[in-house]
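J.: Below are the sequence and a predicted model for it; my questions follow.
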Amino acid sequence: MDIIGTLKKIVEEYQKEDPMNEPLLKALTAGFGNDYALAIKYLDEAIDVQGTLDEEKSFILFLKSISLSNLDRYEEALSVINLAIQFDSTNELNWAEKGDILHDLDRQEEALQAYEKSLELSRIEDQFEGDIDTILNRADVLNHLERHEEALQEYEKAEKLEPYSTEVLFGKAYELFELKKYQESLDVCEKGLSVDRDDIDLVIHKGIVKLELGYEQEALKYFEKATVIDSADELAWYNKACALARLNKKEEALDALTIATGINPDNKESIEDEKDLENIKNEERFTRLLKQSL
């Protein structure tokens, strides 16, 4: 969700209608400054202001839920957003926030239901497909559930709303890849790269598709470009190592893999089982790197 943009608009309207709720304004100021603990303190004061209407209480609780989520207090955030929905069950933002929390809690099926409710309310209000951020979040949940055909359908909905969004096109290309529709995935990548030639997600993904199709040398060019775009991108270095290993460039592959694991030690969880690294798994450097990572 584009929380900041949405909230700024809401705040502008709220100040016109009810400039007297001073704790709420203080909470919003604290929230925009990323001081979420202070924001929660003021929000608790704001909800107790005499004469606060149910819709206003719902909005305050919505903000409190976001603040709790930003502090990784997801179970508390879920309780608060459920209370916000009790006060106003017709606000699509409440349901979208609930979906976000459930997604973070890895309760994906429930997250889907919350997002669908948000989209349903959004369609009623705006008479169109729905909020694009919620559509993308729903697609991400479906991806986590490995329901790639359905996730692809969500990205196609999003593409109708924003046909040249590189985020949308990357998501679509990824789902096509998971469905083994490699040429279509490449075509979507190319469309996205025509918008932004340096979009690192699309550059890496195009390399991954090329690697899957056996075009190691072409794939390597995309991974090398990605490391130039962002020298701290772990996936760029990791996939570069895979391409180099498949090209039997063992020392270069080990150099790239060392950088990848240095950026993100979590790579250790995948390198041992990575089939693309078979050519270097008997190398002493690989064994040392794996032991250091473990």
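T.: Right, received. Where do you want to start?
J.: Could you report the neighbour count for Thr227?
T.: A count of nearby residues for Thr227, using other CB atoms under 10 Å, gives 20. Every residue, glycine included, has its C-beta placed from N, CA and C.
J.: Nearest residue to it in space, please, no chain neighbours.
T.: Spatial nearest neighbour of Thr227, chain neighbours left out: Ala236 (4.6 Å); criterion: CB to CB, 6 or more residues apart in numbering.
J.: per-residue pLDDT, the one you found?
T.: With respect to pLDDT, Ala236 has a value of 97.
J.: can you check Ile280 too?
T.: Reading off the model, Ile280 has pLDDT 93.
J.: Make 194 the starting number, not 1.
T.: Got it, first residue is 194 now, which makes that one Ile473.
J.: Please report how far it lies from Leu329.
T.: 37 Å (CB to CB, to the nearest Å).
J.: now Ser463
T.: For Ser463, the distance to Leu329 equals 26 Å [CB to CB].
J.: Which one's more surrounded, the two?
T.: Neighbours around Ser463 and Leu329, counted as other CB under 10 Å, are more numerous at Leu329. The numbers are 21 against 10.
J.: The more buried one and Leu271, how far apart?
T.: Leu329 is 21 Å from Leu271, by CB to CB.
J.: Downstream of the helix or strand of the chain with the lowest mean pLDDT, the next helix or strand is which one?
T.: Least confident helix or strand, the chain: helix 196-210 with a mean of 60, by mean pLDDT, DSSP states H and E. Proceeding N to C from helix 196-210, the next assigned helix or strand is helix 215-225, under DSSP states H and E.
J.: and the very next helix or strand once past that following helix with helix 215-225, angle?
T.: Scanning forward in sequence from helix 215-225 by DSSP H and E, the next helix or strand is helix 229-239. Counting by axes from the mean of the first three to the mean of the last three CA atoms, to 10 degrees, helix 229-239 lies at 160 degrees to helix 215-225.
J.: quick one: buried residues of the helix or strand following helix 229-239?
T.: Past helix 229-239, further along toward the C-terminus, the next helix or strand under DSSP H and E is helix 247-263. For helix 247-263, the neighbour count (16 or more other CB atoms under 10 Å) marks 249-263 as buried.
J.: Would you mind checking the average pLDDT for helix 247-263?
T.: Rounded mean pLDDT across helix 247-263 is 92.
J.: do the same with stretch 371-385
T.: Averaging the model's pLDDT scores along stretch 371-385 yields 98.
J.: For it, which outside residues touch it?
T.: Here stretch 371-385 makes contact (CB atoms under 8 Å, 6 or more residues apart in numbering) with 336, 339, 341-342, 345, 359, 362-363, 365-367, 369-370, 392, 395, 398-399, 402-403, 405-406.
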